[in-house]
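>>> Dropping a prediction and its sequence here:
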Amino acid sequence: MDALHVLVGLLIFALAALLFRRSPRSPLPWFTLLALELCNEAYDLHAELWPNRASQYGEGAKDILLTMALPTFILLLARWRQQLPGGESLRPVNPGRGGEPDEGRCRSEPSAELE
């Protein structure tokens with residue numbers, strides 16, 4: 001059952017990104033998944049009554065962590081590395097210097113001095 005949380009969490013994260021037309025860098029798909037997971041765990045607490053309530057809370061917390069782990073890793077990696085799908089580089093690139101970052105200038109098209 002634990003693997004199901006990981007897989008469904010990743011699927012919902014990807015579907016939310018597609019539905020909202022956002023990249024994995026956007027926190028909106030992550031918050032959507034978090035809201036759905038919290039609703040799921042609230043339902044589990046209401047529908048299931050365990051003899052030991054502390055164990056039930058512990059299992060709920062574990063389910064939340066398992067569901068959110070991979071989407072959180074993807075979100076943080078995508079925000080750290082701007083080159084993932086859906087991302088774009090924040091540093092302009094100077095094609096005349098072998099793709100090294102340009103010092104403060106962005107060019108939308110090659111200039112005559114590069115030809």
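Alright, I've got the coordinates.
>>> Quick check: which ranges of this structure have low pLDDT?
Along the chain, segments meeting pLDDT under 70 span 82-115.
>>> cutoff 50 now
84, 99, 115 (pLDDT under 50).
>>> How about the secondary structure of the most centrally placed residue in the chain?
Residue closest to the average C-alpha location in the chain (CA atoms, centre = their mean): residue 75, at 2.9 Å. Here residue 75 is recorded as helix under DSSP: H, G, I helix; E, B strand; the rest coil.
>>> In terms of helices and strands, where is the nearest residue to it once chain neighbours are set aside?
Excluding its sequence neighbours, the residue lying closest to residue 75 (CB to CB, 6 or more residues apart in numbering) is residue 30, at 5.0 Å. Where C-beta positions appear, they are placed from N, C-alpha and C, glycine not excepted. Per DSSP states H and E: residue 30 is located in helix 27-47.
>>> Tell me which residues of that helix come out buried.
29, 30, 32, 33, 34, 36, 37, 40, 41 (16 or more other CB atoms under 10 Å).
>>> Residue 51 versus residue 35, what's the distance?
Shown here: residue 35 relative to residue 51, a distance of 30 Å by CB to CB, to the nearest Å.
>>> Contact partners for residue 41?
60, 63, 64 (CB atoms under 8 Å, 6 or more residues apart in numbering).
>>> what does residue 74 give?
Applying CB under 8 Å, 6+ apart to residue 74 gives the contacts 13, 24.
>>> mind running it again at 7 Å?
Neighbour list for residue 74: residue 24 [criterion: CB atoms under 7 Å, 6 or more residues apart in numbering].
>>> now it: how far from residue 54?
Following CB to CB, the distance that separates residue 74 from residue 54 is 32 Å.
>>> and what of residue 45?
12 Å.
>>> Residue 2 contacts residue 65, correct?
No - using CB atoms under 7 Å, residue 2 is not in contact with residue 65, being 10.1 Å away.
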